[in-house]
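K.L.:
please work out how this folds:
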Amino acid sequence: MKTLKGKKAVVTGVSRKHGIGAAICEALAEAGADIFFTYWSAYDRTMPWGMEQDEPLHIQRKLEALGVVCHSFELDLSKEEAPQVLLDKVCEVFGVPDILVNNACYSVSLPYSSLTSEMLDRHYFVNVRAPIMLSVAFANMFEKPQGGRIIMMTSGQSLGPMPGESAYVATKGAIDAFVKTFAVEVAEKKITVNAINPGPTDTGWMNEELKQYLLSKFPFGRIGTPNDAARLVRFLASDEAEWITGQIIHSEGGFVRG
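P.N.:
Below is the predicted model of the structure:
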């Protein structure tokens, strides 16, 4: 069912075909939404999972094959001007969007003893400043009578410790707090604001040893997939979810910590 036909969605952090961002774009496109996504290849190329040649282009072609309009834009969200640059570009090709999915993140595992202010700033710029300022700019321009949606991606950092991820959990924790307050502030504009914690998700970064360990923590006997998160994003973006706002939704398949 084309529940999002006529809607325009912005999704950040869509560099890899097997990533959550690509799955989100596909789920929204299947529901009829036109898509504008960002990617930043320089980051993914430095990560252990890497990326294939022209992955963003392949993602765009796949989305267009679903019958929607799709644009992509390479953008370093750590830059202060990036949020306004992005939304200006979106408005140039689409008009004012209806849906904003803040999926991009920055994460580098390191022990607390190696944490520097520079490394903390890198996490902050992408994980806090960019999604917050994108959300503010989105809300400022949204003047439609209803249907505004802001969806954040978070990581369950409030549910238990994540050793080696001090900078990541600190910055992602800020998003949880932001969602609860910002949802109240923009409700008058008929915008909902929610965050999704998809739990451990197999996007290509897990080795076999880790997969086997995690399998014992999932009562359904499988690890989370990008499509699990994407389906929830699609629901929250729909009219069916108009009464859900200010929530941090832990959609982890019953993942057992400890």
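
K.L.:
got the contact list for the closest residue to Ala31 other than its chain neighbours?
P.N.:
With sequence-adjacent residues excluded and distances taken as C-beta to C-beta, 6 or more residues apart in numbering, Ala31 is closest to Leu4, at 3.9 Å. All C-beta spots, glycine's among them, are computed from the backbone N, C-alpha and C. Leu4 makes contact with 28, 31-33, 99, 234, 237-238, according to C-beta atoms under 8 Å, 6 or more residues apart in numbering.

K.L.:
over to Val186?
P.N.:
Counting by C-beta under 8 Å, 6+ apart, Val186 has contacts 139, 148, 150, 193.

K.L.:
can you rerun that using 7 Å?
P.N.:
Going by C-beta atoms under 7 Å, 6 or more residues apart in numbering, Val186 touches 139, 193.

K.L.:
and the pLDDT for it?
P.N.:
You'll see Val186 listed with a pLDDT of 98.

K.L.:
so it: helix, strand or coil?
P.N.:
helix (DSSP: H, G, I helix; E, B strand; the rest coil).

K.L.:
so what touches stretch 98-106?
P.N.:
Defining contact as C-beta under 7 Å, 6+ apart, one finds that stretch 98-106 is touched by 7-13, 20-21, 24, 33, 38, 43, 77, 122-123, 126-127, 130-131, 134-135, 138, 144, 147-153, 233, 237.

K.L.:
mind running it again at 6 Å?
P.N.:
For stretch 98-106, the surrounding residues in contact (C-beta atoms under 6 Å, 6 or more residues apart in numbering) are 7-13, 21, 24, 77, 122-123, 126-127, 131, 138, 147, 149-153, 237.

K.L.:
tell me which entries of the residues you listed lie within strands.
P.N.:
If you go by DSSP state E, these have 8-11, 149-153 in strands.

K.L.:
could you measure the closest residue in space to Glu52 that isn't next to it in sequence against Phe178, distance?
P.N.:
Once flanking residues are discounted, Glu52 sits nearest to Lys17: 7.3 Å by C-beta to C-beta, 6+ apart. Separation of Lys17 from Phe178 (C-beta to C-beta, to the nearest Å) stands at 30 Å.

K.L.:
what's the answer for Arg16, then?
P.N.:
Applying C-beta to C-beta to Arg16 and Phe178 gives a distance of 26 Å.

K.L.:
who's more crowded, the two?
P.N.:
Arg16 (25 against 17; other C-beta atoms under 10 Å).

K.L.:
give me the mean pLDDT for the strand or helix carrying Ile249.
P.N.:
If you go by DSSP states H and E, Ile249 is part of strand 247-250. Averaging pLDDT along strand 247-250 yields 98.

K.L.:
do stretch 207-219 as well
P.N.:
92.

K.L.:
quick check: buried residues in that stretch?
P.N.:
The neighbour-count check on stretch 207-219 (16 or more other C-beta atoms under 10 Å) flags 214, 217-218 as buried.
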